[in-house]
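Chemist: Got a predicted structure plus its sequence, pasted below:
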There are 4 protein chains.
Amino acid sequence: MAEKTNRTGLWIIGAWGGVATTALVGLLNLQKKLVQPVGLTTELPEFSDIEMPAWSEFVPAGYEIRDFSFEKAANELIEQRAMERSAVTPILKELAELDTRIFPGFLANSGKVVENMADRKREENLTPRETISAMQSDMKTFVAENQLSHLIVVNLMSTEPVCEYFSESEIEKLPEAEQIKRGREWNNWEAFRQLLDSSEKPPVPASTLYAVAALETGFDFVNFTPSLGATPPALEQLAKQTSARFFGNDGKTGETLMKSVLAPMFAHRNLRVMSWVGHNIFGNRDGVVLDDPHNKATKVTSKNHLLEQILGYAPQTLVTIEYIKSMGDWKTAWDHIHFQGFLGTPMTLQFTWQGCDSLLAAPLVLDLVRLTELARRRNFTGRMDFLASFFKSPIRVEEQSFVRQFEKLEDWLRDEKQFQN
Amino acid sequence: MAEKTNRTGLWIIGAWGGVATTALVGLLNLQKKLVQPVGLTTELPEFSDIEMPAWSEFVPAGYEIRDFSFEKAANELIEQRAMERSAVTPILKELAELDTRIFPGFLANSGKVVENMADRKREENLTPRETISAMQSDMKTFVAENQLSHLIVVNLMSTEPVCEYFSESEIEKLPEAEQIKRGREWNNWEAFRQLLDSSEKPPVPASTLYAVAALETGFDFVNFTPSLGATPPALEQLAKQTSARFFGNDGKTGETLMKSVLAPMFAHRNLRVMSWVGHNIFGNRDGVVLDDPHNKATKVTSKNHLLEQILGYAPQTLVTIEYIKSMGDWKTAWDHIHFQGFLGTPMTLQFTWQGCDSLLAAPLVLDLVRLTELARRRNFTGRMDFLASFFKSPIRVEEQSFVRQFEKLEDWLRDEKQFQN
Amino acid sequence: MAEKTNRTGLWIIGAWGGVATTALVGLLNLQKKLVQPVGLTTELPEFSDIEMPAWSEFVPAGYEIRDFSFEKAANELIEQRAMERSAVTPILKELAELDTRIFPGFLANSGKVVENMADRKREENLTPRETISAMQSDMKTFVAENQLSHLIVVNLMSTEPVCEYFSESEIEKLPEAEQIKRGREWNNWEAFRQLLDSSEKPPVPASTLYAVAALETGFDFVNFTPSLGATPPALEQLAKQTSARFFGNDGKTGETLMKSVLAPMFAHRNLRVMSWVGHNIFGNRDGVVLDDPHNKATKVTSKNHLLEQILGYAPQTLVTIEYIKSMGDWKTAWDHIHFQGFLGTPMTLQFTWQGCDSLLAAPLVLDLVRLTELARRRNFTGRMDFLASFFKSPIRVEEQSFVRQFEKLEDWLRDEKQFQN
Amino acid sequence: MAEKTNRTGLWIIGAWGGVATTALVGLLNLQKKLVQPVGLTTELPEFSDIEMPAWSEFVPAGYEIRDFSFEKAANELIEQRAMERSAVTPILKELAELDTRIFPGFLANSGKVVENMADRKREENLTPRETISAMQSDMKTFVAENQLSHLIVVNLMSTEPVCEYFSESEIEKLPEAEQIKRGREWNNWEAFRQLLDSSEKPPVPASTLYAVAALETGFDFVNFTPSLGATPPALEQLAKQTSARFFGNDGKTGETLMKSVLAPMFAHRNLRVMSWVGHNIFGNRDGVVLDDPHNKATKVTSKNHLLEQILGYAPQTLVTIEYIKSMGDWKTAWDHIHFQGFLGTPMTLQFTWQGCDSLLAAPLVLDLVRLTELARRRNFTGRMDFLASFFKSPIRVEEQSFVRQFEKLEDWLRDEKQFQN
């Protein structure tokens, strides 16, 4: 067997989607030095003295359930005026080659809409363990064939329907039957492993199966969606055992990013937010999936909770996400914030955010992969709290103020001694 | 002479203006516990364990150049739907009593528009020193008659025309004559004192004369306007000598507050701001003054510079402030931020801020006075950097990110050892 | 019996609601000449030569299902900053007197939310005919006791759940049972009358019962809500027989008014509207009712259909109406219009409308009553098409362009010969 | 000499500018049936039965003062995301051929900024008459060489500085000297002709010289800019004499179009507009010219006056047009309309218009040319009032409501008898 290299695999779930395609178009352009590194946190001048993994060290592959190709996906984005053709033309050959490394994906409790989209799914009546084993086989083969030193799995699938698990303290309040289903077992790796190995087919969503597949092998898992993924504490225990890394959930790109910078302003100034209404419209494939109320619920929850955490009280909130075909990848959010000022006078802040969803998300994906690899090289293992600024719902992180989250990243990058949590 | 009490004088310049009137209406309501402390940073739950000076310990007085009264000023704000009548009715008697402590103010290089407003100004052909002495006499008499332990002077006058002074490093580039006028002397208290004492009537603006009058006596000076005030280093030397405190400039209430929370988002995410346009409309007395291009220039500069400081580069910017009579005290700002995302795609953020100018400013004034008094009780002297989050142009403070400025305030409030700069 | 006067009764259904209260506060102020006639079409300078019925000629009364009073209703509006106290104080006595003429109202197929609000409803297990007779008795008594020459009934109740009736051409497609329920009978007065007289309690909504009660007696009926009211052709036949007048539906006050002026712009310029999204938030009692999906459906339909009528094709549309408590009577609408320009380039128009719902609606109510009375004096009978500009869904009127609808009103006011339709 | 054809010349002044380039790219695409006719009024389904001149009947040529080409101009628009490359690639050959018919243009009182842009201007020290003769020679040669039956001159030059002429009634108030310069002579063709023929070089702007050159020859003149052009009554007399046609001024594309549909809504509803503020930002070449205050004044006047005409009173208004480079051809307008509702309550409408300037203007240019040619075929001569809906400042037309202006166009298109004014 050939000697290990410094090359790291990047295994994307949902590889021909808009975010994944943009991330890989971006990666190829960065590798060829054809674009300015706009939008990339890891390329900020203030971090130029930190030795980041090079863009050339990442080798992409992944899963996809639809029949498609990177060129087709890029063409959709170009038609929607999200991307310029000039970003794609010079890398068409590389994209076609990448297509050959995108394998049919797995579905499990992914919801009707997603299932209806699937053209090339894998066999379905497997137990969780059988599914995990098949995933691990794919990943290990890819690592071996490409002589990679490591693999980072990034979840960019469509949002799954809500799948609740409960923390230790909440379990006891549940009826016994519920405790078994998504209570006790999900908080303890040994118990959860047995659950996965049973033939009962418990309702573990695909995102969590992918997370287990990665972490059990010692590979890292980053969940860019609001799906469950590696959220249950059982998976944190697993990651520690195998010295792997994980984090999520739900990349913070537009409206919620705005909330996490604006809410601290109201909080620190003691301006009482009475209501915060946010309407989002967009027309890409994510929008089709989120049009199903089950999948939408997962997303809305993720966009909404941080206000109470930052403000310390719960104003009336409303978040809608609606599919408007003509918008394509351009997500437009209108937010109306009604707040009380001195002497009780009501005042208003409104904003309209007009951004390309995939182009806002893609650089975060690349930053996350790069920082995860950096964490590995720094021997950091487990839950990567310092990545909180990238996520709407950072796993078990209380701090929701964007600037304070970013300071944590700065601290981690600056201070080697703070490495391990 | 009676024993010193714990009572502190609050000497407001521009006392019958909208901000001052709102601040005092608020103070009286707070003293009588008739309002919720919305909008007051010092009343945040997180600071409830810190022993703040009580609202009842402040005794207001001040200067004003127009014939007016607190009741008339409050009625204007009520008509403009900025304030509820119910906030004023219970304190009408106290307001009338306060009117008797508002003395005719001084003008000096204040600009044509302001001069035209003056109904009851003091004699004018004085040298700077003569003016300062007259001010000091007023202030000391008030302190003595009311048995106050201290006095805090707060500048809430209309914005003055631009008055530039130059730092040490810039002076050498000036022609000799300029160096004398507003160069060398403004950087050294001894030299500046001689300049003030000369009979040449150098172009020192009223705000700076007020600052000298206060600091020389050991009283504190807070500049809530963009006027020069205590900005020249000479005054910092003076404050250190007399163990007084000072800070400014220009209360950060609306659009600029927004800039100081939004710009860090763009900076940290490496999203390149191409242009940032801000249009402000409002119709209060400030608006009349700012309609004069000389006075407006001072304001626009103060609203504009922080972007470059936060972003690290200078996008094209445009800031307008226009007087639209029907708006009254309701300042509406529309900002259009054009930024470049990943792969160069241009995106847009727009916001509309609809706030009452006086009601946003007034609680900051009360917070500043309270924190200045707290600083005195903690024996802090000189430049109060920890108040940077309250100002558009914090004197000689580099940090412009609101959250980071606020963290400095938290640190100062929490950590007694950080007291002195 | 005393001689008939020139005085006309104004019988309001939902009399202590926000719109009704504002309309009557306005009417009393107009009668006392205490307000400028802003917002009243009939007071436009261009119509000053037309002899309109005087405000003093109208005598109000009405129905209400909640325990309340005009003063309480006005106080709510004052607290929500919709109305100034100074508009109410001078007429408190008159309002209290008016309270005595507001009688307990009727419910019939009004939906759960409305039923839950009812504190003082009339007996319920009546047949339609029994209900109508009770209404007619109330109205006639009021007319007689006050020596009125006429009565105009205005429906300002909360929106009812959707109640579909079908036109002649649509009936034949219905199953037989449906045809009987809300098909054939609703298109023919004789048949509908028999339906009302039967003991079967067909699902005729209260708004239609009120309309029948009025029209059968020769009184006029104006439906300011999207409820069914006098829409079925059977009622037009009835109005013709009794020489009464009627029109509706759904006062056009804010977002939809905007649609009816903006859509013609896109249509005439051949700019292709791809999508039109409208989000409405507000917090008054209407909002509570519209939070019930059954009642909301009626409203959304009324706000939505006109786009297709004006544009000649159906763009994707989305209309939401959400109850946000803090907004009170201030309805804020954000509309996002995505359209295609020359060479296919997509462009965007957004607007934010911030208006007081009750204050926008109330003058329309007064205009409608005045114009209805004018129509009577001009011997016009039946369907008052010339009032189309006041309604979102003008009954059986094709024209939806606001300016063209307004021209029809001008024509009718100018040209006596066009009186009868 | 060959027989006259049905082909009409289209002579564009400012031919390589953004609007002209887009109009010609559009014309070529229409001729080849490569685009949908979106944005073209003359292609509305409702006018499909009217025999319009065919797109293939127009033969373009024109003037330009800068060294440039259609391909370069189109590339600028593509880079600014105003136009798709796919609209240009199929017609590159035709565009290059068109370049050969674009001749160096004339400058006369065009303002400093425009003069500084000129790379290839014609000799300058000519009298007005000499300039006119040179223009006429160019035009006639083109007509002859291409066997055209007619020529329509369209002014798409940059906006000129304000050039006032005075109407008959205003002249008498002027001092004698002023009367001569731009008073009496400009109201009478004979006198104006003599002024042009004199060697005194009176300050007649280029746009008016072009208009005279066209009309004197019997060619038509359409002024799409706010420059003076054919506005003086002298030119209307000339047009009548030569049986030519003319109209203008200033194509109504974005913010002002919005004003002309929204202001009638406020007027008809008697909602009192207190202030109307409009801020426009954009970054194309027009923006550079309008950054000069002299040229900007002409534009702002044209955008502003219609409000008073529609409302019947003058609210406070503010219009700014600012050059923001990053915006390119995307003109964004934010308008804030502050109005008074019933009982005096102030309310607000805001809109943001995001449109491509050139793409909004270009189809109007094509419509105007087509309708002008139609007018010729219908033997209409003189001032074409029925085109008012296309212009911000329709010459000597009072009606400013867009829908009513459009109805005039419909009437003219429908009713042959209304042909002549």
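Modeler: In hand now; what should we look at? None of these values were measured; they are calculated from a predicted model.
Chemist: In chain A, mark out all the strands, start to finish.
Modeler: Along chain A, counting by DSSP state E, strands occupy A:8-13, A:58-64, A:102-104, A:150-155, A:220-223, A:245-248, A:272-282, A:316-323, A:330-340, A:346-356, A:382-383.
Chemist: Of the ones you listed, give the one that comes closest to chain D.
Modeler: strand A:346-356 (7.3 Å; C-beta to the nearest C-beta). In this view, the C-beta of every residue, glycine as well, is placed from N, C-alpha and C.
Chemist: Quick check: beta-bridge partners of residue A:11?
Modeler: residue A:61, residue A:153 (DSSP bridges).
Chemist: Touching, it and residue A:142? I think so.
Modeler: Yes: at 7.1 Å, residue A:11 counts as touching residue A:142 under the criterion of C-beta atoms under 8 Å.
Chemist: okay, these two: which has more neighbours?
Modeler: Neighbour count, other C-beta atoms under 10 Å in any protein chain shown: between residue A:11 and residue A:142, residue A:11 has more, with 29 against 18.
Chemist: Between residue A:11 and residue A:142, which contacts overlap?
Modeler: Listed as contacting both residue A:11 and residue A:142 by C-beta atoms under 8 Å, 6 or more residues apart in numbering or on different chains are A:61, A:151.
Chemist: Residue A:12 touches residue A:59, doesn't it?
Modeler: No: if you go by C-beta under 8 Å, residue A:12 and residue A:59 don't touch, sitting 11.5 Å apart.
Chemist: between the two, which one's more packed in?
Modeler: Using other C-beta under 10 Å as the criterion, residue A:12 and residue A:59 rank with residue A:12 on top: 28 against 20.
Chemist: Spit out the contact partners of the more buried one.
Modeler: By C-beta under 8 Å, 6+ apart, the neighbours of residue A:12 are A:20, A:23, A:24, A:60, A:61, A:62, A:63, A:154, A:156.
Chemist: what about 6 Å?
Modeler: Listed by C-beta atoms under 6 Å, 6 or more residues apart in numbering or on different chains, the contact set of residue A:12 reads A:20, A:62, A:154, A:156.
Chemist: Leaving aside the residues adjacent along the chain, what's closest to it?
Modeler: residue A:62 (3.6 Å; C-beta to C-beta, 6 or more residues apart in numbering or on different chains).
Chemist: What of residue A:350?
Modeler: Residue A:350 sits nearest to residue B:352 (C-beta to C-beta, 6+ apart), 4.7 Å away.
Chemist: Tell me how many other residues crowd the one you found.
Modeler: Neighbour tally, residue B:352, other C-beta under 10 Å: 20.
Chemist: these two touch, right, it and residue A:349?
Modeler: No: Residue B:352 lies out of contact with residue A:349 (C-beta atoms under 6 Å); the separation is 7.4 Å.
Chemist: what number of residues lie near residue A:76?
Modeler: Other residues close to residue A:76 by other C-beta under 10 Å number 19.
Chemist: For it, give its distance to residue B:222.
Modeler: Distance, residue A:76 to residue B:222, using C-beta to C-beta, to the nearest Å: 57 Å.
Chemist: next one: residue A:358
Modeler: 49 Å.
Chemist: ok so, going back, correct me, but the residue nearest to residue A:12 touches residue A:10?
Modeler: No: the criterion here is C-beta under 6 Å, and residue A:62 misses it with residue A:10 at 7.9 Å.
Chemist: Who has more neighbours out of the two?
Modeler: residue A:10 (28 against 24).
Chemist: Now do the contacts for that one.
Modeler: Neighbour list for residue A:10: A:58, A:60, A:152, A:369 [criterion: C-beta under 6 Å, 6+ apart].
Chemist: Which of those sits closest to chain C?
Modeler: Nearest member of those to chain C, counting by C-beta to the nearest C-beta, is residue A:60, at 31.7 Å.
Chemist: Tell me, how many residues neighbour the closest one?
Modeler: By the measure other C-beta under 10 Å, the count of residues near residue A:60 is 20.
Chemist: how close does the closest residue to it other than its chain neighbours sit to residue D:234?
Modeler: Leaving aside its sequence neighbours, residue A:60 sits nearest to residue A:10 (C-beta to C-beta, 6+ apart; 4.6 Å). To residue D:234, residue A:10 is 74 Å away according to C-beta to C-beta.
Chemist: can you check residue A:401 too?
Modeler: Using C-beta to C-beta, residue A:401 is found at 69 Å from residue D:234.
Chemist: ditto for residue A:265
Modeler: In terms of C-beta to C-beta, residue A:265 sits 61 Å off from residue D:234.
Chemist: Who has more neighbours out of the two?
Modeler: Higher neighbour count among residue A:265 and residue D:234: residue D:234, with 24 against 20, using other C-beta under 10 Å.
Chemist: from memory the more buried one sits against residue D:193, does it?
Modeler: No: shown here, residue D:234 and residue D:193 do not form a contact pair, counting by C-beta under 6 Å, at 8.0 Å.
Chemist: Which strands or helices does the lengthiest helix in chain A pack on?
Modeler: Criterion DSSP state H: the longest helix present in chain A is helix A:357-377. Using 3 or more C-beta pairs under 6 Å, 6 or more residues apart in numbering or on different chains; DSSP states H and E, the elements in contact with helix A:357-377 are helix A:18-31.
Chemist: Just want the angle from the helix it packs on to strand A:8-13.
Modeler: With axes from the mean of the first three to the mean of the last three C-alpha atoms, to 10 degrees defining the directions, helix A:18-31 sits at 160 degrees from strand A:8-13.
Chemist: In helix A:18-31, which residues are buried?
Modeler: The neighbour-count check on helix A:18-31 (16 or more other C-beta atoms under 10 Å in any protein chain shown) flags A:18-30 as buried.
Chemist: Chain C versus the closest residue to residue A:107 other than its chain neighbours, what's the distance?
Modeler: Using C-beta to C-beta, 6+ apart and skipping residues adjacent in sequence, the residue nearest residue A:107 is residue A:121, 5.1 Å away. Using C-beta to the nearest C-beta, to the nearest Å, one obtains 30 Å as the distance from residue A:121 to chain C.
Chemist: how about residue A:153, what does it touch?
Modeler: Residue A:153 makes contacts with A:11, A:214, A:219, A:221, as judged by C-beta under 6 Å, 6+ apart.
Chemist: Now the terminal residues of stretch A:174-192, how far apart.
Modeler: 18 Å (C-alpha to C-alpha, to the nearest Å).
Chemist: On the pLDDT front, check the residue of the stretch 51-200 of chain A found nearest chain B for me.
Modeler: Proximity of the stretch 51-200 of chain A to chain B (C-beta to the nearest C-beta) peaks at residue A:87, 5.0 Å away. Looking at residue A:87, its pLDDT reads 94.
Chemist: how many neighbours does residue A:119 have?
Modeler: Residue A:119, neighbours per other C-beta under 10 Å, totals 10.
Chemist: what does residue A:176 give?
Modeler: For residue A:176, using other C-beta under 10 Å, the count is 7.
Chemist: now do the same end-to-end measure for stretch A:394-408.
Modeler: End-to-end distance of stretch A:394-408 (C-alpha to C-alpha): 13 Å.
Chemist: same question, stretch A:200-208
Modeler: First-to-last distance for stretch A:200-208 - C-alpha to C-alpha - comes to 17 Å.
Chemist: centre of the chain versus it, how much separation?
Modeler: The chain centre lies 19 Å from the centre of stretch A:200-208; the measure is C-alpha atoms, centre = their mean, to the nearest Å.
Chemist: which residues touch that stretch?
Modeler: Identification of contacts with stretch A:200-208 by C-beta under 6 Å, 6+ apart yields A:106, A:108-110, A:127-128, A:155, A:160, A:163, A:195, A:227-229.
Chemist: Also stretch A:311-329?
Modeler: A:18, A:77, A:80, A:82, A:263, A:267, A:273-284, A:287, A:290-291, A:300, A:303-304, A:308, A:356-358, C:274-275, C:316, C:318, C:322, C:324-325, C:338.
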